[in-house]
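Enquirer: Generate a structure from the sequence data that follows.
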Amino acid sequence: MGARARYVVVENGTCKRYFSRWAANRVVDDLLPGPAAATRCFRANRETDGWLDGVWCEGAALVDDDRRTLLWFAFAGSWADHVAARAVLARTWPGWDVRFAHDSMGDLTHHLGLGRDLTRSPGWFETFEPSWYANLEDTEPWSVVSVRPSDGSVRAWGSGREPTEHLTDGPGLIDLIVVSPATPPLTDMPYGGVHFDPQARTVSLWAVQTAVGVHNWPLPGRENWDLEFRGDDHTHQAELLPADFPFPLRPRCDSSATASPPRRPTVSRSLSRLRPCPVRGGGTTPVINFAALVPHEPVGPTPAELAELGATRDQLIAEAEVY
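Expert: Numbering: from 1, shown residues only. A predicted model of the protein is given here:
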């Protein structure tokens with residue numbers, strides 16, 4: 001199975017779509033050098049009239065030159081990788097509204113005025129019976145769940161589930177969470193988090209990955225709840241977490257000679273690695289679907305674009321305010 005990617009380019013009122021069977025893992029790499037390089041790369045791929053749904057499309061980008069808007073989604077290897085990519089894109093796409101498409105293809109089609117369900121089958125979003133398992137050994141959970149019970153305190157747990165999965169279980173999930181044992185403090189930033197306040201009947205969610213369906217609120221069982229979707233901003237939950245369960249944020253640059261090296265990637269390390277992947281031609285693997293034999297087109301940024309990207313990355317590394 002290939003890592004399928006969809007590219008959409010809007011220019012002078014015309015929308016064109018392009019497809020790559022292998023490019024989902026390098027969507028960010030193709031975007032880093034800026035609008036000109038990204039658009040040139042996308043147009044080198046196969047033009048198509050079709051769409052991919054959120055299951056088969058593993059990465060995508062929409063470049064709307066008319067409205068100076070960039071929407072994109074792809075899986076990040078860590079919280080630090082996502083933050084580093086966002087920091088670079090903010091510099092290399094100046095004057096553009098750069099947004100991560102949390103609703104996957106739904107955000108792209110919504111931007112085009114086609115609604116969020118164009119690429120989704122009826123009944124695609126399911127709700128489940130509440131279930132909860134506290135992993136008492138995992139210090140690098142997928143997400144963090146926090147709850148404010150009736151006494152006004154806040155408790156938090158690490159979870160091996162994606163943030164949106166905690167919303168599909170309904171309010172009964174909270175009763176299971178609050179009686180579960182404590183999980184160990186975090187050693188790495190999670191991919192997202194969700195905070196429940198049963199008294200205020202609010203739920204707050206953030207993620208550095210797609211949270212498909214987050215705009216389909218209210219979900220069954222939560223008709224009287226309000227959702228506060230915070231994109232990839234973790235700071236609201238960070239302020240709520242108890243002192244013994246903080247997010248393990250580290251300064252991006254640590255000048256202390258005695259500081260122990262981080263066990264997991266920090267934003268500084270992610271920035272230093274962040275550069276367009278080398279494009280390699282040739283070498284395909286035969287599969288039944290012959291469309292898979294078409295490689296991602298080897299159209300890379302120019303030397304000048306690469307130099308500018310490198311200067312941007314170095315400047316961010318030198319700035320202490322990035323975490």
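
Enquirer: how far out from the middle of the chain is the strand or helix carrying Gly158?
Expert: Gly158 belongs to strand 155-159 when assigned by DSSP states H and E. Its chain's C-alpha centre and that of strand 155-159 lie 21 Å apart, by C-alpha atoms, centre = their mean, to the nearest Å.

Enquirer: what's it in contact with?
Expert: With contact meaning C-beta atoms under 8 Å, 6 or more residues apart in numbering, strand 155-159 is reached by 134-135, 138-139, 141-147, 149, 166, 177-178, 180, 182-184, 186, 190, 241-242, 245. Placement of C-beta: from N, CA and C, glycine included.

Enquirer: one more time with 6 Å, if that's ok
Expert: Residues outside strand 155-159 that contact it (C-beta atoms under 6 Å, 6 or more residues apart in numbering): Ala134, Asp138, Pro141, Ser143, Val144, Val145, Ser146, Val147, Thr183, Leu241, Phe245.

Enquirer: what about Phe128, neighbour count?
Expert: Phe128: 10 surrounding residues under other C-beta atoms under 10 Å.

Enquirer: Find the centremost residue of this structure, please.
Expert: Centroid-nearest residue in the chain: Gln209, 2.5 Å away (criterion: C-alpha atoms, centre = their mean).

Enquirer: In terms of pLDDT, where does that one sit?
Expert: Gln209 is assigned 94 on the pLDDT scale.

Enquirer: mind listing what it touches?
Expert: Counting by C-beta under 6 Å, 6+ apart, Gln209 touches Tyr191.

Enquirer: So it versus Gly231, what's the distance?
Expert: To Gly231, Gln209 is 11 Å away according to C-beta to C-beta, to the nearest Å.

Enquirer: repeat for Leu32
Expert: Separation of Leu32 from Gly231 (C-beta to C-beta): 20 Å.

Enquirer: Look at the two and report which has more neighbours.
Expert: Counting neighbours by other C-beta under 10 Å for Leu32 and for Gly231 shows that Leu32 has the greater number, 25 against 14.

Enquirer: name the element the residue nearest to Leu186 when sequence neighbours are not counted belongs to?
Expert: Closest residue to Leu186 apart from its sequence neighbours, by C-beta to C-beta, 6 or more residues apart in numbering: Pro248 at 5.0 Å. Using DSSP H and E, Pro248 sits within no helix or strand.

Enquirer: Could you do Pro218 as well?
Expert: Element membership of Pro218, judged by DSSP H and E, is empty: it is in no helix or strand.

Enquirer: what's the distance between it and Val203?
Expert: As for Pro218, its distance to Val203 is 10 Å (criterion: C-beta to C-beta).

Enquirer: which other helices and strands contact whatever helix or strand Arg99 lives in?
Expert: Assignment of secondary structure by DSSP H and E places Arg99 within strand 97-100. Identification of packing neighbours for strand 97-100 by 3 or more C-beta pairs under 6 Å, 6 or more residues apart in numbering; DSSP states H and E yields strand 69-74.

Enquirer: list the contacts for the nearest residue to Asp233 once chain neighbours are set aside?
Expert: Closest residue to Asp233 apart from its sequence neighbours, by C-beta to C-beta, 6+ apart: Trp206 at 5.6 Å. Neighbour list for Trp206: Gly192, Gly193, Arg230, Asp233, His234 [criterion: C-beta under 6 Å, 6+ apart].

Enquirer: what's the distance between Trp206 and Thr92?
Expert: Distance of Trp206 to Thr92, given as C-beta to C-beta: 24 Å.
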